[in-house]
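Q: Need coordinates for the following:
(chains A and B)
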Amino acid sequence: EAQVTQNPRYLITVTGKKLTVTCSQNMNHEYMSWYRQDPGLGLRQIYYSMNVEVTDKGDVPEGYKVSRKEKRNFPLILESPSPNQTSLYFCASSYRTGVSTDTQYFGPGTRLTVL
Amino acid sequence: AQSVAQPEDQVNVAEGNPLTVKCTYSVSGNPYLFWYVQYPNRGLQFLLKYITGDNLVKGSYGFEAEFNKSQTSFHLKKPSALVSDSALYFCAVRDGEGTYKYIFGTGTRLKVLA
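A: Okay, here's the model as predicted:
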């Protein structure tokens, strides 16, 4: 089954404790992206990647890091989480070329609480 | 920078009635516009997109959207609403050609009443 998976689905942590949220897709998509969803603010893009070893900032990259060492994986790293990073996080992927370009497939979400 | 606006936080419609969820955009250059739906406790699902071509775009689950360049709008429509259409709907725009940065609206909650 074609899908985007995220782990963990739920995470409660404390301020300053480094964490990684994993994202993996099995559709051979070149493009991957991370978003955060907050009430009243909709979705905001954190980082995106056009291909392996190519990443770029979205609208809200501060406090986050990403890496794209393999095509299928795009982990989101919070090196020193703070309470304002409490949010619902989504990973997404899509093709970069062809008719399916821009059709993003989203993961199920990771609900992060930073105390 | 590109932007989208969803002027209504919530839309209520009776089952069987037509529904419209509004979206306006501001872009320089050709717009790449999208609609996504989010059911409770789920990720977003792609509904439809406008890149070029016909102004009326047909998508999944019987939804369609009309691209109106003069009014800079991309409203989502469905002729007959179902209770199962109740969800959160997001309009989005790509932030220009040559980039894969996306701007999403704040979302509109659609409630279809039986």
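Q: Surely residue A:96 and residue A:30 touch.
A: Yes - using C-beta atoms under 8 Å, residue A:96 is in contact with residue A:30, at 4.2 Å. No exception for glycine: its C-beta is placed from N, CA and C like everyone else's.
Q: Between those two, tell me which one has more neighbours.
A: Counted by other C-beta atoms under 10 Å in any protein chain shown, residue A:96 and residue A:30 do not tie: residue A:30 has more neighbours, with 18 against 13.
Q: Can you give me the separation between the more buried one and residue A:89?
A: As judged by C-beta to C-beta, to the nearest Å, residue A:30 and residue A:89 stand 21 Å apart.
Q: the helices in chain B, which residues?
A: Ranges of helices within chain B: none, based on DSSP state H.
Q: Could you check how far the spatially most central residue of it is from chain A?
A: The structure's chain B has its C-alpha centroid closest to residue B:35; by C-alpha atoms, centre = their mean the separation is 3.7 Å. Distance, residue B:35 to chain A, by C-beta to the nearest C-beta, to the nearest Å: 11 Å.
Q: Start and end of stretch A:55-72, how far apart?
A: 14 Å (C-alpha to C-alpha, to the nearest Å).
Q: Buried residues in it, which are they?
A: A:55, A:58, A:59, A:60, A:61, A:64, A:66, A:67, A:68, A:72 (16 or more other C-beta atoms under 10 Å in any protein chain shown).
Q: So it, near chain B or not?
A: Yes - shown here: stretch A:55-72 in contact with chain B (C-beta under 8 Å from any C-beta of the partner chain) through A:56, A:58, A:59.
Q: which residues are contacting that stretch?
A: Applying C-beta atoms under 8 Å, 6 or more residues apart in numbering or on different chains, the external contacts of stretch A:55-72 come out as A:24-26, A:28-30, A:32-36, A:44-54, A:74-82, A:85, B:101-103.
Q: now stretch B:25-38
A: By C-beta under 8 Å, 6+ apart, the residues outside stretch B:25-38 that reach it are A:102, A:104, A:106, B:2-5, B:23, B:44-52, B:59, B:61, B:63, B:65, B:67, B:72-74, B:76, B:87-94, B:96-97, B:102, B:104, B:107.
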